[in-house]
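[1] predicted model, plus sequence, below.
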Amino acid sequence: MGHDHSHTHGITATGQHRKRLVAVLVITLAVVLVQVVGAVLSGSLSLLADAGHMLSDAAGVTIALLAAWIAGRPASDQRTYGYQRAEVLAALANALILIVISVVIFTEAIRRIGSAPEVATDIMLFAAILGAVANVVSLLILHGAHHESLNVRGAYLEVLGDLLGSFAVIAAAVVIMLTSFNAADTIASVVIAILILPRAWSLLRDVVDVLLEASPKGVEVQMIREHILSVAGVTDVHDIHIWTITSGVPVFSAHVVVEDGVLNARGADQLLDKLITCLGSHFDTDHCTFQLEPASHSEHEAHQHA
């Protein structure tokens, strides 16, 4: 006997914050333009690296927005969960873009070691400060929403990395202004490349967990088992599975062994309501599928397989 208790997730976690992502995209593209012009005029590699990083952020946000739109398409007989996994694939692309950008920046920085050109620090400093201010504004826009969606989290982490990158460029500009040590620009580029990698790895790891259908963070299967067994009438539970379709859409299924006397129409319905309430209140999981099995049937199966 099965029972599915689900709420239609027409709007995914990323879709709910689409306006925030659009605002961040506009701000990021405007700053990229300013920084590219500033990098060309000043000759700063670190400023160009920061612009490249922000451009990757803009690409990532664009992918996330497209994925949110695709994920909102209705389910079908061929795709019973619709296109909600598109958001996870977008987050994967985001992580890979970050890794590629960091490698390119690092390679160019190494190439410049020993032959650092002169840098126009006034332009470099102005563009870096502008980028830092824009990043702070973007962080404020995304704050809070980054806990609900992998794609919003990816954008948040990228903007945070951009802010640190802008600080590195500002520090390099100040050092060059005070000491004429032009290699500071190259060193700042390496710092930016190093800052990108841990964030990319963290995002990639979370995406892989979703794609491998690992249990959501903070959810312990043993604890779920104990809560289900505490429901009156339940004698055993097995074949527990809990995974994530996309950010904010956890799914749960289990085979629940119950006392034979419970499996009348009213008793089974009441039991299912209790199980659903238990899962929803303790684990924030409202898409549940339970297969109810009478204890006598389970004992019969165990005897056959003995």
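    Received it, and whenever you're ready, just let me know what you need. Numbering: from 1, shown residues only.
[2] I'd assumed residue 188 was in contact with residue 168.
    Yes. Using CB atoms under 8 Å, residue 168 is in contact with residue 188, at 4.3 Å. No exception for glycine: its C-beta is placed from N, CA and C like everyone else's.
[3] between these two, who's got more neighbours?
    residue 188 (29 against 24; other CB atoms under 10 Å).
[4] who touches both of residue 168 and residue 188?
    Contact with both residue 168 and residue 188 is made by residues residue 46, according to CB atoms under 8 Å, 6 or more residues apart in numbering.
[5] if I pick residue 170, what's in contact with it?
    So residue 170 contacts 125, 128, 129, 132 (CB under 8 Å, 6+ apart).
[6] now residue 143: phi and psi?
    Torsion angles at residue 143 (phi, psi; degrees, to the nearest 10) stand at phi -60, psi 130.
[7] could you report the distance from it to residue 266?
    Separation of residue 143 from residue 266 (CB to CB, to the nearest Å) stands at 48 Å.
[8] and residue 210, by the same measure?
    In terms of CB to CB, residue 210 sits 39 Å off from residue 266.
[9] neighbour count: these two, which is higher?
    Neighbours per residue (other CB under 10 Å) separate residue 210 from residue 266, with residue 210 holding more: 21 against 8.
[10] check contacts around the more buried one.
    Residue 210 sits in contact with 88, 150, 243, 244, 246, where contact means CB under 8 Å, 6+ apart.
[11] these: which two are farthest apart?
    150 and 243 (14.1 Å; CB to CB).
[12] which among the contacts of residue 170 end up buried?
    Using 16 or more other CB atoms under 10 Å as the burial test, these include 125, 128, 132 as buried.
[13] closest one to residue 206 out of the residues you listed, please.
    residue 132 (27.0 Å).
[14] residue 150 and residue 243 - which one has more neighbours?
    Counting neighbours by other CB under 10 Å for residue 150 and for residue 243 shows that residue 150 has the greater number, 27 against 18.
[15] local confidence estimate at that one?
    Looking at residue 150, its pLDDT reads 66.
[16] and if you look at residue 128?
    91.
[17] ok, back up a step: next step: the buried ones among the contacts of residue 170 restricted to helices.
    Using DSSP state H, the members of the buried ones among the contacts of residue 170 that fall in helices are 125, 128, 132.
[18] which residues touch the closest residue to residue 262 other than its chain neighbours?
    Nearest residue to residue 262, sequence neighbours excluded (CB to CB, 6 or more residues apart in numbering): residue 233, at 4.2 Å. Neighbouring residues of residue 233 by CB under 8 Å, 6+ apart: 258, 259, 262, 267, 271.
[19] next, the residue nearest to the first one when sequence neighbours are not counted: phi, psi?
    By the measure of CB to CB, 6+ apart, the closest residue to residue 258 outside its immediate chain neighbours is residue 233, 5.1 Å from it. With angles defined as degrees, to the nearest 10, residue 233 shows backbone torsions of phi 100, psi -20.
[20] if we only consider the contacts of residue 233, which is nearest to residue 118?
    residue 271 (77.0 Å).
[21] need the ones in helices among the buried ones among the contacts of residue 170 in JSON lines (columns: distance to residue 75).
    Below are these laid out as JSON lines (distance: CB to CB, whole Å):
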{"residue": "125", "distance to residue 75": "52"}
{"residue": "128", "distance to residue 75": "47"}
{"residue": "132", "distance to residue 75": "43"}
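[22] what's the closest of the residues you listed to residue 48?
    Minimum distance to residue 48 across those is 11.4 Å, recorded for residue 128 (CB to CB).
[23] that closest one and residue 172: what is the separation?
    From residue 128 over to residue 172 the distance is 8 Å, taken as CB to CB.
[24] for residue 222, same thing?
    From residue 222 to residue 172 the distance is 51 Å (CB to CB).
[25] so which of these two has more stuff around it?
    residue 172 (30 against 8).
[26] which residues touch the closest residue to the more buried one other than its chain neighbours?
    Distances taken as CB to CB, 6+ apart place residue 188 nearest to residue 172, at 3.8 Å, with adjacent residues excluded. Taking CB under 8 Å, 6+ apart as the contact definition, residue 188 lies against 46, 49, 168, 169, 171, 172.
[27] so the third one, which of the three states?
    Pointing back at residue 168 there. helix (DSSP: H, G, I helix; E, B strand; the rest coil).
[28] so residue 203 touches residue 96, yeah?
    No. Using CB under 8 Å, residue 203 makes no contact with residue 96, being 9.7 Å away.
[29] and those two? Which one has more around it.
    It is residue 203, of residue 203 and residue 96, that has more neighbours when counted by other CB under 10 Å, with 24 against 15.
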